Each structure stands twice: as structure tokens, then as C-alpha cells.
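J.: give me coordinates for this.
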Amino acid sequence: MALGRSYLNQQIQSSSSVSRSTLAGSQKSAKKTIAASLILTSLVDAFSILVIYLLVNTNSASEMPTPDRIQLPLASQSEIATSGLVVQIVDNHYVVDGERISQKQLLDKLINLKALDTTKEAPSVVIQADRKTGFSAINPVIMMAAQSGVEKLRFAVIQGERAL
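T.: So this is what the prediction gives:
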């Protein structure tokens, strides 16, 4: 019987050590689960902040770049021009795509714009001119657009509370 008791005691001790290790393992597993959920929570917070930042700054990405020499006029009402041929008038010269061009070249570009347009929406021209530019410099662009069949003509402006 002594032999049976010693064997039984060994079995009880080994089973209690197994249950202790199982208990310790489940505690480690619980700690890992909590740590993983904390990491996931902070990642979700970080991505939420990133998405909000990108949504706030999306509107500024749609603005057209203007040269430093051009101060656009103020307007009380405006809308964002989504597309179109941008014609800059700098010192009574025409600039398209960063190239200074003549009136003849501008007329050719406008005719090509109308001919190559396959969308349902009519092609448009966006005029960027300094607020001090005279009508005599802007009028030829308007006349060439009309002559080439371009129906939409827009002026690049800065939206202000009231026009000066």
C-alpha cells in the first residue's frame, strides 16, 4: 500500500503542477489578448486621425496653382473649376502649361481643345489674370474662345467676403 500511496501522491502533485502551468498559460494568453487589443485600439485611433486630416486638407489640393506675380481678384461668390484649359495673362502675354505663347498659338490650342473633346460636358477655359490687368489684355482671350466654339469661360478668383 505504501507503494500505491507514493504513486498516488506523485500523480496528484504532477496533476497540480499541470493545472498550475495551465493556469499560468491562460493568464499569459489573457495578457497577450489584452495587449493585442490595446495595440489594435491605438492603431484604429491613429488611422482615424489620419483619415480626418486627409479629409480636411482635400479641398486645398483642388486649388489651381497661380504664379507669384499674379494677384487674383476677389469675388463674393465662386465655385471650384474642375477642369479646363488654364490661360494665364502675365504682363500682357499669354501663358499656357508654363509656356509663353502667341495669340495664334492660343487660338490653335482652343480649336484643338474643342475638336478633341469627346465628353458630354462642353470644354472650358479658365483665365488667370492679375487684378490690375486691363480688359484690353483679357478681351482677345474671350474673343478667341468664342471664335473657336468654347462656350464655358471662367475667371480664377479668390473667394472673399465681399469684392473690392
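
J.: in the chain, what spans have low per-residue confidence?
T.: Low-confidence segments of the chain, defined by pLDDT under 70: 1-38, 59-68, 78, 80-82, 117-120, 161-164.

J.: now the helices: where do they sit in it?
T.: 2-61, 103-116, 135-148 (DSSP state H).

J.: these two touch, right, residue 70 and residue 90?
T.: Yes - with contact defined as CB atoms under 8 Å, residue 70 counts as touching residue 90 (6.5 Å). Every C-beta, even on glycine, is put in place using the N, C-alpha and C of the backbone.

J.: which neighbours do these two share?
T.: Common contacts of residue 70 and residue 90 (CB atoms under 8 Å, 6 or more residues apart in numbering): residue 130.

J.: which residues touch residue 160?
T.: 74, 75, 76.

J.: right, I mislabeled it, should have said residue 110
T.: Neighbouring residues of residue 110 by CB under 8 Å, 6+ apart: 85, 125, 144, 145, 147, 148, 150.

J.: of these, buried ones?
T.: Buried by 16 or more other CB atoms under 10 Å: 85, 125, 144, 145, 148, 150, out of these.

J.: for those residues, work out which two are farthest apart.
T.: Greatest spatial distance among the buried ones among the contacts of residue 110 (CB to CB): 85 and 144, at 11.1 Å.

J.: is there a neighbour count for the residue lying closest to residue 138 once chain neighbours are set aside? I'd like the number.
T.: Once flanking residues are discounted, residue 138 sits nearest to residue 129: 5.8 Å by CB to CB, 6 or more residues apart in numbering. Neighbours of residue 129 under the rule other CB atoms under 10 Å: 22.

J.: can you check the one 4 residues further on too?
T.: Around residue 133 there are 18 other residues, counting by other CB under 10 Å.

J.: what's around residue 47, how many residues?
T.: 10.
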